[in-house]
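Peer 1: Give me a model of this one.
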Amino acid sequence: MMSVTCHNLEFGRTRLDFVGCGCSSNASPNRFSVRSCAEGMLRNVCRPRKLSCKKREVGRCRVFSTKTPETFLNGVTAGPPTVLDSKQEKKGPSSLSDMFEVVADDLLTLNKNLQSIVGSENPVLMSAAEQIFGAGGKRMRPALVFLVSRATAEIAGLKELTIEHRRLAEIIEMIHTASLIHDDVLDESDMRRGKETVHQLYGTRVAVLAGDFMFAQSSWYLANLENLEVIKLISQVIKDFASGEIKQASSLFDCDVHLDEYLIKSYYKTASLIAASTKGASIFSGVHSDISEQMYQYGKNLGLSFQVVDDILDFTQSAEQLGKPAASDLAKGNLTAPVIFALEKESKLRDIIESEFCEKGSLEEAIDIIEKCGAIERARDLAREIADRALQNLDCLPESSFRLGLEQTVNYNLERIK
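Peer 2: Numbering: from 1, shown residues only. Next up, the predicted model:
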């Protein structure tokens, strides 16, 4: 089987058209167009699938693209994968805190401000928010906002960050935190970063309300930034979260899912927020739109690479290292890059997954197949290739400690799978 690599992943606005399943979408047909990406439509097709173990018919709602994979991926080609340029693959620091040292003061200020921004009207909601704010988060997204802000501020001749830069970082962290709270409810996760989740401690009702509250608060502060371009950019992220969850929920245990669908879902759930964060930071610096577009592409590619790496670690790390059960996505039917690559080689894996692991030991057998067939290495190649594009997106920035921090973040991510 030839290896598959992904080139120049681009996203255009798509419209979800759910039919026959009781699903619906009010998606606007025109959000954005990145470069020459063609317009398209996602449609939902329901089909029954018989489960051999459960002896029942299950209505399966599958989302797929009516466009060719090339429309989204702009070329999924056979052949050896692209590797990182040796000149760019620099030895990075051993931790995120090391590479974010240049914006440590900015992050310290952010941590102090988060409590007051969330508000103190409801002690229960505040307690829920504090639980996840204090759960060992890396603050990667606001750190990226500060790194891009300072790197682009140098281009624009700004001597210091603006209030808008700092408020954007705080809003981004609030949106990210709210999404984690809701994700844990949807995934029925009891642990995050080694600690009990909000819904496990306070119940589902409080968790959902806490997430809603933080989304609402972040939206209020976002509106007060009074920059329509950034407001539209960040507001769409919240919509993307929902789109990503819909795509994931409608393709569970679906062995016909394609790599482009996985990457689009990963964009919605992970990369969209990072891309909006880095572009928004550059907009507030007042740099040319070409540089802002490169910052958007950097955030998108970094986010996709991080997601692929996280999905690899789900198979290669222990539950203690992950802070959650290993292979938890596979167990729930969420098929990620390693599984998609393995399905191309191993027909037996399809049978096991489509049975929804109803036989004892079937999950462990599926994990063993994935680990032995070379799928994880192919996923590593994919992560490296997307990361290489993220590094190329930084070429528009002058050399500085802040650009170096952005480069090191890319390389740090790849260090996790070496």
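
Peer 1: and the closest residue to residue 218 other than its chain neighbours, helix, strand or coil?
Peer 2: Distances taken as CB to CB, 6 or more residues apart in numbering place residue 174 nearest to residue 218, at 4.1 Å, with adjacent residues excluded. Backbone N, C-alpha and C define where each C-beta goes, glycine included. With DSSP: H, G, I helix; E, B strand; the rest coil as the basis, residue 174 sits in helix.

Peer 1: Pretty sure residue 174 sits against residue 115.
Peer 2: No. Between residue 174 and residue 115 there is no contact under CB atoms under 8 Å: 11.2 Å.

Peer 1: These two: which is more packed in?
Peer 2: It is residue 174, of residue 174 and residue 115, that has more neighbours when counted by other CB atoms under 10 Å, with 25 against 13.

Peer 1: how close does the more buried one get to residue 232?
Peer 2: 18 Å (CB to CB, to the nearest Å).

Peer 1: residues of stretch 148-156 that come out buried?
Peer 2: 148, 149, 150, 151, 152, 153, 154, 155 (16 or more other CB atoms under 10 Å).

Peer 1: Ok, stretch 161-169 next?
Peer 2: In stretch 161-169, counting by 16+ other CB under 10 Å, buried: 161, 164, 165, 166, 167, 168, 169.

Peer 1: thinking the fourth one is in contact with residue 110, fair?
Peer 2: In this case it means residue 166. Yes. Here residue 166 reaches residue 110: they are 7.2 Å apart, a contact under CB under 8 Å.

Peer 1: re earlier: reformat the buried residues of stretch 161-169 as JSON lines; add pLDDT.
Peer 2: Formatted as JSON lines, those follow (pLDDT from 0 to 100):
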{"residue": "161", "pLDDT": "96"}
{"residue": "164", "pLDDT": "97"}
{"residue": "165", "pLDDT": "97"}
{"residue": "166", "pLDDT": "96"}
{"residue": "167", "pLDDT": "95"}
{"residue": "168", "pLDDT": "97"}
{"residue": "169", "pLDDT": "96"}
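
Peer 1: about what we covered before: pLDDT check: weakest of the buried residues of stretch 148-156?
Peer 2: Minimum pLDDT across the buried residues of stretch 148-156 is recorded for residue 154, with 93.

Peer 1: residues near residue 377, how many?
Peer 2: Residues near residue 377, counting by other CB under 10 Å: 15.

Peer 1: Over to residue 358?
Peer 2: There are 11 residues near residue 358, going by other CB under 10 Å.

Peer 1: Before we go further, it is sitting in a helix, right?
Peer 2: No. Under three-state DSSP, residue 358 falls outside any helix and is assigned coil.

Peer 1: any idea how far residue 251 is from it?
Peer 2: For residue 358, the distance to residue 251 - CB to CB - is 19 Å.

Peer 1: And residue 238, by the same measure?
Peer 2: 21 Å.

Peer 1: more neighbours, these two?
Peer 2: Per other CB under 10 Å, whichever of residue 238 and residue 251 has more neighbours is residue 251, with 23 against 17.

Peer 1: Confirm for me that the more buried one is in contact with residue 257.
Peer 2: Yes. The pair residue 251 / residue 257 is scored as a contact, 5.2 Å apart, by CB under 8 Å.

Peer 1: what about the nearest residue to residue 287 once chain neighbours are set aside, which helix or strand?
Peer 2: If the residues on either side of it in the chain are set aside, residue 287 comes closest to residue 152, at 4.8 Å by CB to CB, 6+ apart. Taking DSSP states H and E as the criterion, residue 152 maps to helix 140-156.

Peer 1: Packing partners of that helix?
Peer 2: If you count contacts as 3 or more CB pairs under 8 Å, 6 or more residues apart in numbering; DSSP states H and E, helix 140-156 packs onto helix 104-118, helix 163-187, helix 272-285, helix 289-316, helix 401-415.

Peer 1: In JSON lines: those, plus distance to residue 206.
Peer 2: Below are the helices and strands packed on helix 140-156 laid out as JSON lines (distance: least, CB to CB, whole Å):
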{"stretch": "helix 104-118", "distance to residue 206": "15"}
{"stretch": "helix 163-187", "distance to residue 206": "10"}
{"stretch": "helix 272-285", "distance to residue 206": "24"}
{"stretch": "helix 289-316", "distance to residue 206": "27"}
{"stretch": "helix 401-415", "distance to residue 206": "33"}
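
Peer 1: export the helix or strand where residue 385 lies as PDB, just CAs?
Peer 2: Element membership for residue 385 (DSSP H and E) is helix 375-393. Below are the C-alpha coordinates for helix 375-393, written out as PDB (Å, rounded to 0.1, in the frame of the first residue of the first chain):
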ATOM      1  CA  ALA A 375      -0.400   3.000  10.500                       C
ATOM      2  CA  ILE A 376       1.100   5.000  13.400                       C
ATOM      3  CA  GLU A 377       4.200   5.800  11.400                       C
ATOM      4  CA  ARG A 378       2.100   7.000   8.500                       C
ATOM      5  CA  ALA A 379       0.300   9.300  10.900                       C
ATOM      6  CA  ARG A 380       3.700  10.600  12.100                       C
ATOM      7  CA  ASP A 381       4.600  11.400   8.500                       C
ATOM      8  CA  LEU A 382       1.300  13.300   8.200                       C
ATOM      9  CA  ALA A 383       1.900  15.300  11.400                       C
ATOM     10  CA  ARG A 384       5.400  16.200  10.200                       C
ATOM     11  CA  GLU A 385       4.300  17.300   6.800                       C
ATOM     12  CA  ILE A 386       1.600  19.600   8.200                       C
ATOM     13  CA  ALA A 387       4.100  20.900  10.700                       C
ATOM     14  CA  ASP A 388       6.500  21.700   7.900                       C
ATOM     15  CA  ARG A 389       3.900  24.000   6.300                       C
ATOM     16  CA  ALA A 390       3.400  25.800   9.600                       C
ATOM     17  CA  LEU A 391       7.100  26.600   9.700                       C
ATOM     18  CA  GLN A 392       7.000  27.900   6.200                       C
ATOM     19  CA  ASN A 393       4.100  30.200   7.200                       C
END
